[in-house]
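**Q** No sequence on hand, only this structure:
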């Protein structure tokens, strides 16, 4: 009997970082100290006031399904957040609460991407995006981006790379893995370019809130109400394990998202939705602001340390918690690419990072991602250890 | 600008019960008392020991991602459950923890159903199944089933209805909406029939545990280790809002499910997974056994009451918490089908039920589903009110 496997599933290659993780685990079990810079989630636990609200909900018996679109009071609270944080007037009717940003991506691709159509996105970018497209028998139109455009798509890219099969453009600001943020002007140009192509714009804003140097990311909703915006309670609000995100849709799209949600996942976790109501309160926001400052300090410590080690980082990213580094200068015959470097640094320095291949194909073999989701002290220790290791092999 | 909408999304018709629900809400807001028999979730809150475990996990900072396949200790606990409850030896390696049974269905369809291929399933059946197939650009092969086969597929159905495009068969035992359960012998015949067609068998066992008359459902895993089995913490374990289920895969399929999970949803909610560890403990199981007995009492009260009202129920279902009733004898020019009857009973009797159309097309216009997810007292009051209403219109 041949093993049944749909082509779409066979087409997904495992994340390379999983190799790194498995090896890290093995080394740890042998007593080696590993500094984790490969993890895409905040090291902080969920802020206390949010946890307390979750506990309270559980104790009050909030263990049943919610409506598929989410608790009405949470949709309202998210709408208020757009008012408070962005000074944007978004109707709660346009807000769909989802099980993580993953749930939002599933809805968007399911509702918008026709079989055989393509999503334009930046290479490097969030690795799951291409698989969401493939899952619904669509495809991607991956555009190589460099430091010259801040690792973001530009209106020129849209102009040059759009083709008959492309119907959606997916931006991420701040971006994973590069941490770069689109300015309001860039967003406007991109939005117009996509509109000229009769395309639909989707913007991943899951790292909003985590921006530095006094910079605040513009929501794409400020530019065009026809844009689909994906957001999450995971990153800025520190609620990864709760699996909660949201989607803002243009008017007229709530019903189809409701139908899809009812069928695909019924509803987001109930206790998470009640907990999230506390995320917008001042006592939680105070904790989150402190953490944001800590992230900025870490970035400011790690970036020069990496440069000193010989990594090339042409831009200073203003968001998320990632540094995307060119490691060309550190490669040699023994360590010929970023995957080999990742393996080498894990084994020799006890430092886990993510090889560029997980984020796309373009120049992936000489880039890697450092997540600053561990303390500044550990980050600097990692840099120190990497430095010692590099000395030995160069 | 034309509104962008993928064909797969446009093809999903909203659940008819949503109409009923919206109207019920409106009537309730006007002060009318509505008895809810349309709800597919237990009315009981999650058992206290499970809630306590969830609270404990939250307070201990279990708010981060788990592995995509689930907490190793939960996969182990589920494997132990197969040993304890079914006397089956299932390796934890074959267990994939999912965000609800919905997550398991997404994985199964994504991994197994090729674009353009069909899933054979019973009509009537769980309404979301057909949409999962459609979501990955597959389709269904819906086989009309009647009381003659206990509303289940049979080996004969497989023989007669299988075609070149059909690759999967999806059974549900106990079934939603009919509550009927497959015997071990029937499962064996079905399993063999599917194998002869070179097909793959998927069995939805999410109502396992909720069986009556001393009857215990056989897991398809007892028959063939090549079967994919979907289960859930929602129904028997009373954890709907926690969004947690699982999937048992044949050996060799764990890796592809891991890849899909990493991409599609990252992981099931963390606190739910920790809470579920308590679901298999004796103090929780004692509560669940009491509830099971209550469900049986409700079924035993509601079934004769519905018959007395003129509904036809040719079989006594041995599982889940649904009665699937033929309402032909109650229809007339004014109330010509089950949708009209559902609307009429809601308006005139304040009783909400689900019209057959939500479960398929076959004889749907003269069937409806009663969920006994409310107290026996309320169920009997509903029957009384329906009786008064029927008298008025017949």
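**A** That came through, no problem. The structure presented is a predicted model; accordingly, all values stated were derived computationally and were not measured.

**Q** Quick check: residues of the stretch 201-350 of chain A near chain B?
**A** Contact residues, the stretch 201-350 of chain A versus chain B (CB under 8 Å from any CB of the partner chain): A:226, A:238-243, A:252, A:255-256, A:258-260, A:262-272. Where you see a C-beta, it was placed from the backbone N, CA and C, and this is true even at glycine.

**Q** Weed out the non-buried ones from the residues you listed.
**A** Neighbour-count burial (16 or more other CB atoms under 10 Å in any protein chain shown) is assigned, among those, to A:226, A:238-243, A:256, A:258-260, A:262-272.

**Q** Those residues in helices, which ones?
**A** A:256, A:258-260, A:262-264, A:270-272 (DSSP state H).

**Q** Now the residue of the stretch 101-250 of chain A found nearest chain B: closest residue in space that isn't a chain neighbour?
**A** Taking CB to the nearest CB, chain B has its nearest neighbour within the stretch 101-250 of chain A at residue A:241, 3.2 Å off. In space, residue A:241 comes closest to residue B:270 once its chain neighbours are excluded; the distance is 3.2 Å by CB to CB, 6 or more residues apart in numbering or on different chains.

**Q** Can you classify residue A:148 by secondary structure?
**A** helix (DSSP: H, G, I helix; E, B strand; the rest coil).

**Q** What's the separation between it and residue A:306?
**A** Distance, residue A:148 to residue A:306, by CB to CB, to the nearest Å: 20 Å.

**Q** between the two, who's got more neighbours?
**A** With neighbours defined as other CB atoms under 10 Å in any protein chain shown, residue A:148 and residue A:306 compare such that residue A:306 has more, 20 against 9.

**Q** ok so that one is a helix residue?
**A** Yes - judged by three-state DSSP, residue A:306 forms part of a helix.

**Q** Can you name the residues that contact it?
**A** Listed by CB atoms under 8 Å, 6 or more residues apart in numbering or on different chains, the contact set of residue A:306 reads A:313, A:323, A:325, A:370, A:383.

**Q** Among the residues you listed, which one lies nearest to chain B?
**A** Nearest member of those to chain B, counting by CB to the nearest CB, is residue A:370, at 18.8 Å.

**Q** I'd assumed that closest one was in a helix, is it?
**A** No - Residue A:370 is assigned strand when assessed by three-state DSSP, not a helix.

**Q** Distance check, the residue minimising distance to the centre of chain A against residue A:322.
**A** Residue closest to the average C-alpha location in chain A (CA atoms, centre = their mean): residue A:176, at 4.9 Å. In this structure, residue A:176 and residue A:322 are 6 Å apart, going by CB to CB.

**Q** Need the residues touching each of those two.
**A** Common neighbours of residue A:176 and residue A:322, using CB under 8 Å, 6+ apart, are residue A:40.

**Q** Greatest separation within the ones in helices among the buried ones among the residues of the stretch 201-350 of chain A next to chain B: which pair is it?
**A** A:256 and A:271 (27.2 Å; CB to CB).

**Q** show me the contacts for residue A:337.
**A** Applying CB under 8 Å, 6+ apart to residue A:337 gives the contacts A:331, A:355, A:365-366.

**Q** Could you point out which of those residues is nearest to chain B?
**A** residue A:355 (15.8 Å).

**Q** partner residues bridging residue A:168?
**A** Residues in a beta bridge with residue A:168, per DSSP bridges, are residue A:119, residue A:200.

**Q** Tally up the residues packed near it, please.
**A** Other residues near residue A:168 come to 25 when the count uses other CB under 10 Å.

**Q** and it, what does it touch?
**A** By CB under 8 Å, 6+ apart, the neighbours of residue A:168 are A:112-113, A:117-120, A:199-202.

**Q** likewise residue A:284?
**A** Residue A:284 sits next to A:47, A:49-50, A:237, A:278 when contact means CB under 8 Å, 6+ apart.

**Q** ranking those residues by neighbours, who comes first?
**A** Ranked by neighbour count (other CB under 10 Å), the contacts of residue A:284 have residue A:50 at the top, with 30 neighbours.

**Q** Looks like that residue contacts residue A:274 (just checking).
**A** No - here residue A:50 does not reach residue A:274: they are 9.9 Å apart, not a contact under CB atoms under 8 Å.

**Q** Flag the shaky bits of the stretch 51-200 of chain A, pLDDT-wise.
**A** Of all residues in the stretch 51-200 of chain A, none has pLDDT under 70.

**Q** which stretches of it form strands?
**A** When assigned using DSSP state E, counting those that start in this stretch, the strands of the stretch 51-200 of chain A occupy the ranges A:95-98, A:118-123, A:139-144, A:166-172, A:200-204.

**Q** Give me the residues contacting the second one.
**A** For strand A:118-123, the external contacting residues (CB under 8 Å, 6+ apart) are A:109, A:113, A:129-130, A:133, A:138-145, A:151-153, A:157-158, A:161-163, A:165-172, A:175, A:199, A:202, A:359-362.

**Q** Filter these down to the buried ones, ChimeraX style.
**A** Buried subset of those, written as a ChimeraX selection, criterion 16+ other CB under 10 Å:
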select /A:109,113,129,130,133,138,139,140,141,142,143,145,151,152,153,157,158,161,162,166,167,168,169,170,171,172,175,199,202,359,360,362
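
**Q** any idea where the helices of the stretch 1-150 of chain A begin and end?
**A** A:7-10, A:16-29, A:48-59, A:72-86, A:100-112, A:128-135 (DSSP state H, counting those that start in this stretch).

**Q** Go through these and pick out the most buried.
**A** Most buried of these, by mean neighbour count (mean count of other CB atoms under 10 Å in any protein chain shown): helix A:100-112, with a mean of 26.

**Q** which other helices and strands contact that one?
**A** strand A:95-98, helix A:128-135, strand A:200-204, strand A:228-232, strand A:245-248, helix A:254-264, helix B:7-10 (3 or more CB pairs under 8 Å, 6 or more residues apart in numbering or on different chains; DSSP states H and E).

**Q** Quick one: closest of these to residue A:393.
**A** Closest approach to residue A:393 among the helices and strands packed on helix A:100-112 (CB to CB): helix A:128-135, 33.1 Å.
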